[in-house]
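# pasted the sequence and its predicted model underneath.
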Amino acid sequence: MVATQVQAVVVAWQVYDLTREPMALAYVGLAQFLPMLFLLLPAGDLIDRLPRKRILGVSWGVGAVCSALLWWLSDHGHEGVSDIYAVLVLFGASRAFSGPAMQSLLPQLVTREQLPQAIATNTMVMRSAAIGAPMLGGLLYGAGGSHATYPICMVAFAAGALLLQKVRVLYSTAHQSGAAMPQPGSTNIWQRFGIGIRFIFRRPMILGTISLDLFAVLLGGVVALLPIYAHEVLQVGPQGLGLLRSSAAVGEVAAGICLSMFPFNAKVGQRMLLAVAVFGIANLVFALSHWMWLSCLALAIAGAADMVSVYVRGALLQFATPDEMRGRVNAVNMLFIGSSNELGEFRAGASAAWIGAAPAAIAGGLCTLGVVGLWSYLFPPLRTVNRFEDAQNRD
């Protein structure tokens, strides 16, 4: 995660230095998103049929190769960005495998009783890296440029792949699921993909959990509006923008620490829906605020509520999914999450251009609350599930 975040900062700075065109930065994200879009579902199928630890190690190894290629391009003074985009396409392809592989591997490393706490700890560590690594990337780039930073990313990816070999897989897919996997050749990839999709749509617990995050973030996210609020509403400049962006992450990490130390396993469905509702209310407060301290507090509360929602959603998804299906289900989940983040920013920006930043943020918060109410009605298991273990038997 540190290597990914540092490399993202360095690539963005380098591309903008070379082009001075904002659209060039959009293509940086597009180059990584498109291969993920097309490969996540086939990746999920492979993750269900091959050792997940091996797939994850190979994916991180490809990440190290991408860092080495970016280092070589930077060191040889390439002025264009097309080669950088080509490397980013390869890097996006590796992330299509690494994301669902890591999520699917986690239940094989701990007991089912430890799984919710492990998810909270893992999410908190990932969020912590998302806070510190971008600042580290900026400092490294400022000190030595891309020539000095890409090698560090390469070493970090390689170190992750090597350290992964020391991780002990306690439970195999067959041991946890008790189900026999299809024999190679008995089905093709399209049939297995269809089985995975039908499985998701026939399980209200899984479909509701995945789609709740998609629509809550798609309709209610305000991250894309932060530069407008910092410049026009709060008038705090770029330093204030940095503080606004970090406020939500601080709330996430604080909630993650609490959940990793004091996990809960009662009324989990109601708590998840309440957390999403608090997320929407906090974003509404941010939308209406003209005080910097209140805006930061609202974003921190929204981040903490989002962490609680992530904790419950992640555990429910793992408990409701048989291990032999986890690769495909987690791939769809990652596709939904990626879509909600990317399309959510586009939705927020387009809405702000159409009706203004404040009305767009207010509408987003109200839509989030509407999603909570509608999902409570459409997916009763989300409202009635009590313990994480109960999700195994909810159809």
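Here it is on my side, so go on. Numbers count the residues shown, from 1 in each chain.
# use CA for all of it now, contacts and neighbours both
Noted.
# which sections of the stretch 51-200 of the chain are below the confidence cut-off?
Applying pLDDT under 70 to the stretch 51-200 of the chain flags residues 77-79, 171-190.
# switch to 90 and redo it
73-82, 95-96, 99-100, 102-104, 106-108, 110-149, 168-200 (pLDDT under 90).
# show me the strands in it, by range?
In the stretch 51-200 of the chain, no strands are found when defined by DSSP state E, counting those that start in this stretch.
# for it, just list every one of the helices.
Secondary structure of the stretch 51-200 of the chain (DSSP state H, counting those that start in this stretch): helices at 52-75, 82-105, 115-164, 173-177, 189-201.
# distance of Gly61 from Met154?
9 Å (C-alpha to C-alpha, to the nearest Å).
# so between these two, which is more surrounded?
Met154 (25 against 20; other C-alpha atoms under 10 Å).
# surely that one touches Val62?
No - between Met154 and Val62 there is no contact under C-alpha atoms under 8 Å: 9.7 Å.
# that older thread, including distance to Ser260, could the helices of the stretch 51-200 of the chain go into JSON lines?
Output for those, formatted as JSON lines (distance: least, C-alpha to C-alpha, whole Å):
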{"stretch": "helix 52-75", "distance to Ser260": "24"}
{"stretch": "helix 82-105", "distance to Ser260": "17"}
{"stretch": "helix 115-164", "distance to Ser260": "5"}
{"stretch": "helix 173-177", "distance to Ser260": "24"}
{"stretch": "helix 189-201", "distance to Ser260": "28"}
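# quick check: which of those helices is nearest to Leu382?
Smallest distance to Leu382 across the helices of the stretch 51-200 of the chain (C-alpha to C-alpha): 14.6 Å, for helix 189-201.
# so after that closest one, what's the next helix or strand?
Toward the C-terminus, helix 189-201 is succeeded by helix 204-220 as the next helix or strand (DSSP states H and E).
# would you mind writing the CA trace of that following helix as PDB?
Output in PDB follows, covering the C-alpha atoms of helix 204-220 (Å, rounded to 0.1, in the frame of the first residue of the first chain):
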ATOM      1  CA  PRO A 204     -29.900 -10.500  -0.800                       C
ATOM      2  CA  MET A 205     -27.300 -10.200   2.000                       C
ATOM      3  CA  ILE A 206     -24.400 -10.100  -0.500                       C
ATOM      4  CA  LEU A 207     -26.100  -8.000  -3.200                       C
ATOM      5  CA  GLY A 208     -27.500  -5.500  -0.600                       C
ATOM      6  CA  THR A 209     -24.100  -5.200   1.200                       C
ATOM      7  CA  ILE A 210     -22.200  -4.600  -2.000                       C
ATOM      8  CA  SER A 211     -24.700  -2.200  -3.600                       C
ATOM      9  CA  LEU A 212     -25.200  -0.200  -0.400                       C
ATOM     10  CA  ASP A 213     -21.600   1.000  -0.600                       C
ATOM     11  CA  LEU A 214     -21.900   1.600  -4.300                       C
ATOM     12  CA  PHE A 215     -24.900   4.000  -4.100                       C
ATOM     13  CA  ALA A 216     -24.000   5.600  -0.800                       C
ATOM     14  CA  VAL A 217     -20.600   6.700  -2.000                       C
ATOM     15  CA  LEU A 218     -21.700   7.300  -5.600                       C
ATOM     16  CA  LEU A 219     -24.500   9.700  -4.500                       C
ATOM     17  CA  GLY A 220     -23.200  11.100  -1.200                       C
END
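# just the angle between it and helix 189-201, please?
If you take axes from the mean of the first three to the mean of the last three C-alpha atoms, to 10 degrees, helix 204-220 sits at 80 degrees to helix 189-201.
# counting by contacts, list what helix 204-220 packs against.
If contacts are counted by 3 or more C-alpha pairs under 8 Å, 6 or more residues apart in numbering; DSSP states H and E, helix 204-220 sits against helix 189-201, helix 268-288, helix 292-320, helix 326-355, helix 357-378, helix 380-384.
# how about a cut-off of 7 Å?
helix 189-201, helix 292-320, helix 326-355, helix 357-378, helix 380-384 (3 or more C-alpha pairs under 7 Å, 6 or more residues apart in numbering; DSSP states H and E).
# lowest average pLDDT across those helices?
Mean pLDDT is lowest for helix 326-355 among those, at a mean of 69.
# quick one, domains of the protein?
2-169, 203-390 (automatic domain parsing).
# kindly check the end-to-end length of the longest one for me.
Taking C-alpha to C-alpha, the first and last residues of domain 203-390 lie 13 Å apart.
# what of stretch 14-32?
Stretch 14-32: ends 16 Å apart by C-alpha to C-alpha.
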